[in-house]
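this is a predicted model, with the sequence first.
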Protein chains: 2
Amino acid sequence: MNPILANSAIGIFDSGIGGLTVVREVMRMLPNENIIYFGDTARVPYGIKSVDTVKQYAMQITEFLLERKVKMILIACNTVTAAAENEVKELAGSIPVLGVIEAGAHAALESPQRHHRLAVIGTLATVNSDAYAKTLNTLSSETEVYSKACSMLVPLAEEGWTDNEIAELTLRSYLEDIKNMNIDALILGCTHYPLFKDTIEKVLDKPEVAIIDSAVSIATMAKKELEQRGLLNNDPHPDFKCYVSDKPQRFQELAERFLGKKVDDIEVVSLA
Amino acid sequence: MNPILANSAIGIFDSGIGGLTVVREVMRMLPNENIIYFGDTARVPYGIKSVDTVKQYAMQITEFLLERKVKMILIACNTVTAAAENEVKELAGSIPVLGVIEAGAHAALESPQRHHRLAVIGTLATVNSDAYAKTLNTLSSETEVYSKACSMLVPLAEEGWTDNEIAELTLRSYLEDIKNMNIDALILGCTHYPLFKDTIEKVLDKPEVAIIDSAVSIATMAKKELEQRGLLNNDPHPDFKCYVSDKPQRFQELAERFLGKKVDDIEVVSLA
């Protein structure tokens, strides 16, 4: 077995552009790391697909990243984490794998009260998997979790409609139940959803409710893990390479908008 | 080469559930035909994908249908027709192939005036291909065509939101330009769009503008073609078999709502 090298890249993947919210936080917290991003833009969205299909896609992407000798894999997609985290970990062997769900769950339980009332919004697949409730209940026995599928948010984000009237009306429809609940925190259970953070805050209109963005938590966990393993890199000019399975016209534009910098190293690869 | 048999099925395919609008019209006009439907629900939506990716998917589905000895193939998807109609025809050899674009174009030019002003709405891929303008211009030299991509309509249809306030607001945004134009007809350049017909009529608010549903035209063309070839079937209890590449929870429910009858013969197959 080859040793894991500090100057190898961190591999981050998602079904589309949503995982770039994770890339953004990793770049902020670990500015000297090489990063390889894989966005499965030919097969987005995952959230309406079956568990078996999502597992198959996740295995293909994991193999692709392992061939590129990544030192760590971040599953920047809640649907994949819910459906295939164990399979990805098994395939990755000694390479550490972190998923967004555990990261988000830890962050949601950080507030000081003993009893937690939480709401999670995510794709249909994530909600049906009940993955947040299961993870939260293993971390804290006194947690109530309400989950709500919001299937239109990924297409809206991919269209670039995150703060117009249609996004607001869609969120009003999805968050109606949650607005009437007495919750401590709302978990954004999909990596596309931080793009709607302002609109969600406006529609929810409850400043006392914490909005949990798991991108921040997973970046924190990644930093800690790399420190513990002595695998931090110190490259002053690290690489950022994107692979996509199809090149929608908007990928580069949206990636640059998300990351606030030029993204020109984008390669189209076919996995199927 | 095997002869084409009248009691073989008509093969109809689409990226998802949209092509069921074509199935509905074929059932109405050709009630004694066996039908095989393929919905590529694992890879829906096609409209945001590249031409090469759509071509590859279309070839896989065509091969699948040919293995099932269909006597005719209807491409019930504008994105596929625009990207891969020639390739599907070549692969199908002597089996007749009809695409929705030519069908829709013929219907749009049926009105008696000499000069036609038309608008087409479709997916990004269909609009970028310019396929309607090209086809319309070969049929009539005096035709002006305005095209508009409406990326959110397929996700809205797959969510079942075709006549709520969000669908209306989305259509108001997309149809704003077209409302101010002096057009004779609006072509629904995507087989999902007939589901929004009532909302489109309401938003457009121009009873003098013909709304062209290419499902009706392609069913008419299919009937004529089968008559000419002596391939009409007369089964009083024909089969309707659906294949999907993934089974979203809503497929059966939506299919039954579209077709107004029980749909229980649904099989999941993997093409990739």
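Received it, and whenever you're ready, just let me know what you need.

now do the phi/psi pair for the residue of the stretch 151-272 of chain A found nearest chain B.
In the stretch 151-272 of chain A, the residue that lies nearest chain B is residue A:155 (3.7 Å; Cβ to the nearest Cβ). In this view, the C-beta of every residue, glycine as well, is placed from N, C-alpha and C. Torsion angles at residue A:155 (phi, psi; degrees, to the nearest 10) stand at phi -60, psi -40.

burial measure for it, as a count.
Other residues near residue A:155 come to 25 when the count uses other Cβ atoms under 10 Å in any protein chain shown.

any idea how far it lies from residue A:168?
Using Cβ to Cβ, to the nearest Å, residue A:155 is found at 16 Å from residue A:168.

and the helix or strand bottoming out on mean pLDDT in chain A, what other elements does it pack with?
Lowest by mean pLDDT, DSSP states H and E among the helices and strands of chain A is helix A:250-259, with a mean of 84. Judged by 3 or more Cβ pairs under 8 Å, 6 or more residues apart in numbering or on different chains; DSSP states H and E, helix A:250-259 is in contact with helix A:20-29, strand A:240-244, strand A:266-268.

one more time with 6 Å, if that's ok
When contacts are defined as 3 or more Cβ pairs under 6 Å, 6 or more residues apart in numbering or on different chains; DSSP states H and E, helix A:250-259 packs onto helix A:20-29.

only the buried residues of the helix it packs on, if you could.
A:20-27 (16 or more other Cβ atoms under 10 Å in any protein chain shown).

ok, stretch A:131-144 next?
Here stretch A:131-144 shows A:131-133, A:135-136, A:143-144 as buried, counting by 16+ other Cβ under 10 Å.

if we can go back for a sec, going by distance to chain B, which of the buried residues of helix A:20-29 wins?
Using Cβ to the nearest Cβ, the buried residues of helix A:20-29 come closest to chain B at residue A:20, 16.5 Å.

which ones are touching that closest one?
A:255, A:258 (Cβ atoms under 6 Å, 6 or more residues apart in numbering or on different chains).

wait, isn't residue A:11 in contact with residue A:70?
Yes. Contact criterion Cβ atoms under 6 Å: residue A:11 and residue A:70 qualify, at 3.5 Å.

neighbour count winner among those two?
residue A:11 (28 against 24).

doesn't the more buried one belong to a strand?
Yes. Judged by DSSP: H, G, I helix; E, B strand; the rest coil, residue A:11 forms part of a strand.

residues touching it, list them.
Residues near residue A:11 by Cβ under 6 Å, 6+ apart: A:36, A:65, A:70, A:73.

name the residues of the one helix or strand the last one maps to that are buried.
Which is residue A:73. For residue A:73, the host element (DSSP states H and E) is strand A:72-75. Across strand A:72-75, burial judged by 16+ other Cβ under 10 Å covers A:72-75.

same thing with stretch A:216-232?
Using 16+ other Cβ under 10 Å as the test for burial, stretch A:216-232 gives A:216-223, A:226, A:231.

what of stretch A:156-175?
For stretch A:156-175, the neighbour count (16+ other Cβ under 10 Å) marks A:156-162, A:166-172, A:174-175 as buried.

and what of stretch A:243-251?
Quick answer for stretch A:243-251 (16+ other Cβ under 10 Å): A:243-248, A:250-251.

helices along chain A, start to end?
A:20-29, A:51-67, A:78-92, A:100-108, A:124-129, A:131-139, A:153-159, A:165-179, A:197-204, A:214-228, A:250-259 (DSSP state H).

in a markdown table: those, plus distance to residue B:85.
Listed next are these as a markdown table, based on distance: least, Cβ to Cβ, whole Å:
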| stretch | distance to residue B:85 |
| --- | --- |
| helix A:20-29 | 35 |
| helix A:51-67 | 28 |
| helix A:78-92 | 33 |
| helix A:100-108 | 41 |
| helix A:124-129 | 33 |
| helix A:131-139 | 42 |
| helix A:153-159 | 26 |
| helix A:165-179 | 33 |
| helix A:197-204 | 40 |
| helix A:214-228 | 42 |
| helix A:250-259 | 26 |
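
what does chain A put close to chain B?
A:42-43, A:48-50, A:53, A:151-152, A:155, A:159, A:166, A:169-170, A:246, A:248, A:272 (Cβ under 6 Å from any Cβ of the partner chain).

the nearest residue to residue A:175 once chain neighbours are set aside: neighbouring residues, count only.
Leaving out its chain neighbours, the residue that sits closest to residue A:175 by Cβ to Cβ, 6 or more residues apart in numbering or on different chains is residue A:203, at 5.5 Å. If you count neighbours by other Cβ under 10 Å, residue A:203 ends up with 21.

isn't residue A:203 right up against residue A:172?
Yes. Using Cβ under 6 Å, residue A:203 is in contact with residue A:172, at 5.4 Å.

domains in chain A, as residue ranges please.
Following automatic domain parsing, one finds the domains of chain A at A:10-99+A:216-268, A:102-214.

any chance of those domains in CSV, plus distance to residue B:121?
CSV is the format used below for those (distance: least, Cβ to Cβ, whole Å):
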stretch, distance to residue B:121
domain A:10-99+A:216-268, 18
domain A:102-214, 15
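
any idea of the pLDDT on the residue at minimal distance from the centre of chain A?
What sits nearest the mean C-alpha location of chain A, by Cα atoms, centre = their mean, is residue A:76, with 3.2 Å. Residue A:76 carries a pLDDT value of 97.

repeat that for residue A:260.
For residue A:260, the model assigns a pLDDT of 85.
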